[in-house]
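A.B. asks: Build me a structure from this.
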Amino acid sequence: MSKQLMEIVLPRLARPLYQHLEAFQLGRLDELQFTKKFEKELQRQHCWLAQRGIDVAKAAVAIHAAVIVLSLPGLRSEADESKLPLEVLEFRAIREAANDVAENYGMDRARALQSISRLVARYAD
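C.D. replies: Numbering: from 1, shown residues only. Modelled structure (predicted):
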């Protein structure tokens, strides 16, 4: 997975994610509205990448990895609350993302898992 692709995807997702999250935290969106808005944003980003010639499976990997990286503060909080290591929750998120990529974009599950894991490890700090 290209480092450049993640450097495009991360900032393109960060702003809308945090705007939707802020609206949710301020009570302007309920959980269902937040989820729908964010899913719509993910679809928009995926289409934008596909229109620029990025393979749909690679785009999905990058988007999933970016979402996990951007969600790390929430995963850390959840790990603290549940008294689980962050790595357990992070791996669950990566596994779910890899399953989604495998089921919806035809990428081998192990390859998707490895690609997402590498990107999350590289961009997590």
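A.B. asks: Flag the shaky bits of this structure, pLDDT-wise.
C.D. replies: Low-confidence segments of the chain (pLDDT under 70): 1-3.
A.B. asks: which stretches of it form helices?
C.D. replies: Counting by DSSP state H, one finds helices in the chain at the ranges 3-25, 31-51, 56-82, 86-105, 109-123.
A.B. asks: Turn those helices into CSV, including mean neighbour count.
C.D. replies: Any C-beta I mention is one placed from the backbone N, CA and C, and that applies to glycine too. Converted to CSV, the helices of the chain look like this (neighbours: other Cβ atoms under 10 Å):
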stretch, mean neighbour count
helix 3-25, 15
helix 31-51, 14
helix 56-82, 18
helix 86-105, 16
helix 109-123, 18
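A.B. asks: how close does the most centrally placed residue in the chain get to Ile94?
C.D. replies: Nearest to the geometric centre of the chain sits Val67, at 2.1 Å (Cα atoms, centre = their mean). In this view, Val67 and Ile94 are 11 Å apart by Cβ to Cβ, to the nearest Å.
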